[in-house]
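1. Just the structure for this:
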Amino acid sequence: MIYTKLGKSDLNVSRICMGCMGIGDPSKGMNKWAVPEEESREIIRYALDQGINFFDTAMSYQEGNSEEVLGKALKDFAKRDDYIVATKFLPRSQEELDRNVSGQAHVADCLDRSLKRLGLDYVDLYIYHMWDYHTPMEEIIEGLNNAVKAGKTRYVGISNCYAWQLAKANFYARENGFAEFISVQGHYNLIAREEEREMIPFCEDQGIALTPYSPLASGRLCRPAGETTKRLELDAYARFKYDKSQDADAGIIERVKELAESKNVLMTEISLAWLLRKVTAPVMGVTKKSNIDGAVKAVELELTQEETDYLEELYVPHALAGVMAQNGKQKAGDVV
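-> Next up, the predicted model:
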């Protein structure tokens, strides 16, 4: 495994981050394809054995059970200094808005509950899961700074935002001597490249780490079109994100397949190798050990510029999908 600094921080992270959205009790939360605890523990142990030290979860994943399972496994299989944990918090709920709970109090409460579920005194990275259009930005930034000062998180990051929002937030933090966002977790892969317009150039200029989610487009970039899996069948939200553009994306997926065959590697390796040329550490959701094998191999796989151009050539502009398409329109507290 290869390691790198996460942005301007002193966190030394593996080039692959294990995403834990599919870790935890499948009877809880929206992910019916999630992996139960016993199997999840073995996957986490295997990831550690393969050199992965960076793990991403969230308060919303399987109603917090992802945090619980991850925390127990890491405590049993590794020393605290040997892994990096990131978790995320949601916007204020309608009930909190009705009670006039401040953004600062919301951040503190969410983090305390996540730490309890994880069984940790602190996390390495606390991520603002999506922009809260119902809460003043200043309250969120101050709340996150309070968490850093209290030693409950070492750094703060953000997910699902526009470049102007990240710039505005970090400018406000810098002007007030608060902790700035050191990483951004956006939606980015070979068939979803809208982050290249504004976000990626801005982050490169500012030294902000890129840790994109959905690097394999919920499985579409790791198998030929037409093949199915349990997740592809059960993950309605992924279908919502990708089905509308499947005709435009088909040619790109076919080129991934062609290049994988020519190199005698997995499609996973090609898709991730392309992404690793551009980002710090993709957050790859894992529900089986074999997912890890392909990701680890991708870290060592180098694509030529000609191969990269070949993979990128057919891309056409896409409408925003998923959280970025919905956030701001939904009722406060709704999880998208």
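2. ranges for the helices of the stretch 101-250 of the chain?
-> Secondary structure of the stretch 101-250 of the chain (DSSP state H, counting those that start in this stretch): helices located at 103-118, 137-149, 163-176, 199-206, 230-234, 236-242, 246-263.
3. Rebuild those helices as a markdown table, extending it with mean neighbour count, mean pLDDT and distance to residue 191.
-> Heads up, the C-betas are built off the backbone N, CA and C, glycines and all. Converted to a markdown table, the helices of the stretch 101-250 of the chain look like this (neighbours: other CB atoms under 10 Å; pLDDT from 0 to 100; distance: least, CB to CB, whole Å):
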| stretch | mean neighbour count | mean pLDDT | distance to residue 191 |
| --- | --- | --- | --- |
| helix 103-118 | 19 | 97 | 32 |
| helix 137-149 | 20 | 97 | 31 |
| helix 163-176 | 15 | 97 | 21 |
| helix 199-206 | 16 | 97 | 16 |
| helix 230-234 | 14 | 60 | 15 |
| helix 236-242 | 17 | 59 | 7 |
| helix 246-263 | 16 | 91 | 4 |
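4. I'd like those helices laid out as JSON lines, including distance to residue 212.
-> Output for these, formatted as JSON lines (distance: least, CB to CB, whole Å):
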{"stretch": "helix 103-118", "distance to residue 212": "22"}
{"stretch": "helix 137-149", "distance to residue 212": "21"}
{"stretch": "helix 163-176", "distance to residue 212": "14"}
{"stretch": "helix 199-206", "distance to residue 212": "9"}
{"stretch": "helix 230-234", "distance to residue 212": "18"}
{"stretch": "helix 236-242", "distance to residue 212": "14"}
{"stretch": "helix 246-263", "distance to residue 212": "16"}
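5. Leaving out chain neighbours, which residue sits closest to the residue nearest to the spatial centre of the chain?
-> Nearest to the mean C-alpha position of the chain, by CA atoms, centre = their mean, lies residue 213 at 3.8 Å. Distances taken as CB to CB, 6 or more residues apart in numbering put residue 283 closest to residue 213, at 4.7 Å, once the chain neighbours are dropped.
6. any idea how far that neighbour lies from residue 271?
-> 14 Å (CB to CB, to the nearest Å).
7. intersection of neighbour lists for these two?
-> Residues touching both residue 283 and residue 271 (CB atoms under 8 Å, 6 or more residues apart in numbering): residue 215.
8. Give the residue from those two that has the larger number of neighbours.
-> More crowded of residue 283 and residue 271, by other CB atoms under 10 Å: residue 271, with 28 against 23.
9. that older thread, out of the helices of the stretch 101-250 of the chain, which gets nearest to residue 36?
-> Proximity to residue 36, assessed across the helices of the stretch 101-250 of the chain by CB to CB, is greatest for helix 230-234 (13.2 Å).
10. measure the residue lying farthest from the centre of the chain to residue 105 for me?
-> Within the chain, the residue lying farthest from the chain centre (CA atoms, centre = their mean) is residue 99, at 30.7 Å. Distance of residue 99 to residue 105, given as CB to CB: 10 Å.
11. can you check residue 217 too?
-> As for residue 217, its distance to residue 105 is 37 Å (criterion: CB to CB).
12. repeat for residue 175
-> Taking CB to CB, one finds residue 175 at 23 Å from residue 105.
13. again, but for residue 290
-> On the measure of CB to CB, residue 290 and residue 105 end up 43 Å apart.
14. With residue 78 instead?
-> Distance, residue 78 to residue 105, using CB to CB: 33 Å.
15. what do you get for residue 68?
-> For residue 68, the distance to residue 105 - CB to CB - is 24 Å.
16. that's a helix at residue 26, yeah?
-> No: read with DSSP: H, G, I helix; E, B strand; the rest coil, residue 26 is coil and lies in no helix.
17. Might you report the residue contacts of it?
-> Residue 26 touches 32-36, 62, counting by CB under 8 Å, 6+ apart.
18. Residue 124 now?
-> Per CB under 8 Å, 6+ apart, neighbours of residue 124: 11, 84-86, 153-155.
19. Let me know the closest of the residues you listed to residue 130.
-> The nearest one, if we look at the contacts of residue 124 relative to residue 130 and count by CB to CB, is residue 86, at 14.9 Å.
20. Phi and psi next, for residue 45.
-> With angles defined as degrees, to the nearest 10, residue 45 sits at phi -60, psi -40.
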